[in-house]
Every structure is written in C-alpha cells, then in structure tokens.
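>>> This is the structure alone, sequence omitted:
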C-alpha cells in the first residue's frame, strides 16, 4: 500500500482523518502563496489552493504516494475573509458575520497514481447577532487566531451558530465524506 501524505500541519485535519479511521503516514505541509487572485471567488480560491497544495507536495516526493490537501475559505458574498492573524482581524470578521449568513468552502484535493481529483464542499451558516461583550470575550480567548474567518466552529464559536446547512467537519477543516470518497475512488484502502 502506498503511503498517505497529508499536505497540512493542521491538527484538526489529523483529528478528522482519525475520526474516519485514517492516519497519515507522513505530514508534509505545503508552502504556497495563498493570496487570492483578482476577482477570485471564495469557492474558486478554496479549490485552487487545495489543488496547488497537493500538487506542490506531490512534486517533492521521489516515490508514488497518496497526497491529500485541503484549504478552507470563509466568504460573505464574494468577499473572502482572511485567515485571522491578529485580534483586530478576528474582531473585524466577527463584526461582519454578526447576525448574517456566510459560507464556508473547503477544497479537498488528492494526488494519487490515478492523477489529481478534487472537490469543493460548501456549507452555509448563520451567526446570531453578537454583542460587543461576546466579540470581546471571543477575541480574548485567542481561539480565532490562525483560522479562516477568525473563528473555529469546534470551540466557543459553536454558540454563535443559529443555522448550518452542509458539512460540519468541512467547516472544521476537512469534509470527511468527500475525503473518503476521493481516497476510495483513487484505490486507497488504508
């Protein structure tokens, strides 16, 4: 059996793979430019980045493998929210999503001996109207740092969600159903 390489350093993705009975043989994060292209939609960005990450890591390998990559993008309309790196970015994202609907797109891509296969999973969410105190407390928790859209649904932000249509694991960072389908379709039996 060829090894499964996860092209991501995300512990959440490792946990989600474990939930469906999979353990990567290696974790080899990709190093690509994640800057959105001009006029690129959130859906297009998630798909492009997941494919680019899988292809970049596959190009580094000297032997065949299954290379799995994912990228999560949060969008409000056509606007792409950042992967929040500062408290100010977390605050701005939460203020924008407060009382509104948004979409989370997670692209998942697999490079295998059969070639490249990929999917983009869309999940629609609505946040409750957040008070200034709720935003302050969430920012102070530090949970939103490093996360697309400035929040992690698997933590305190779960209390902000009024409505979710789609895949909960995809919002966390990896659509487990689609991931397993890609792997099985490519012949991975691990």
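It's in. These numbers come from a predicted model, not from an experiment.

>>> Point out the other helices and strands that the longest helix seen in the chain packs with.
Using DSSP state H to assign secondary structure, the helix with the most residues in the chain is helix 42-60. In this structure, helix 42-60 makes packing contacts with strand 66-76, strand 79-80, strand 101-112, strand 115-127, judged by 3 or more CB pairs under 8 Å, 6 or more residues apart in numbering; DSSP states H and E. C-beta here means a position set from N, CA and C on the backbone, and glycine is covered the same way.

>>> Quick check: which of those strands is buried the most?
Highest mean neighbour count of the helices and strands packed on helix 42-60: strand 66-76, a mean of 26 (counted as mean count of other CB atoms under 10 Å).

>>> just checking, what packs against that one?
On a contact count with 3+ CB pairs under 8 Å, 6+ apart, strand 66-76 meets strand 4-6, helix 42-60, helix 87-97, strand 101-112, helix 176-185.

>>> For the longest one, give me every contacting residue.
Spelled out, that is helix 42-60. With CB atoms under 8 Å, 6 or more residues apart in numbering as the test, helix 42-60 has contacts from 5, 7-8, 28-32, 34, 36-37, 40, 65, 67-75, 78-80, 103, 105-111, 116, 118, 120, 122.

>>> Please apply the same query to the first one.
Identification of contacts with strand 4-6 by CB under 8 Å, 6+ apart yields 13-14, 17, 22-28, 57, 61, 65-69, 183, 188, 190.

>>> hang on, the earlier thing: now tabulate the helices and strands packed on helix 42-60 in CSV and tack on mean pLDDT.
Output for the helices and strands packed on helix 42-60, formatted as CSV (pLDDT from 0 to 100):
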stretch, mean pLDDT
strand 66-76, 98
strand 79-80, 96
strand 101-112, 98
strand 115-127, 98
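
>>> Columns distance to residue 158 on top of those, output as CSV?
Shown next, in CSV, are the helices and strands packed on helix 42-60 (distance: least, CB to CB, whole Å):
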stretch, distance to residue 158
strand 66-76, 15
strand 79-80, 23
strand 101-112, 13
strand 115-127, 11
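
>>> Out of the ones you listed, the one nearest residue 138 is which?
Smallest distance to residue 138 across the helices and strands packed on helix 42-60 (CB to CB): 11.1 Å, for strand 115-127.
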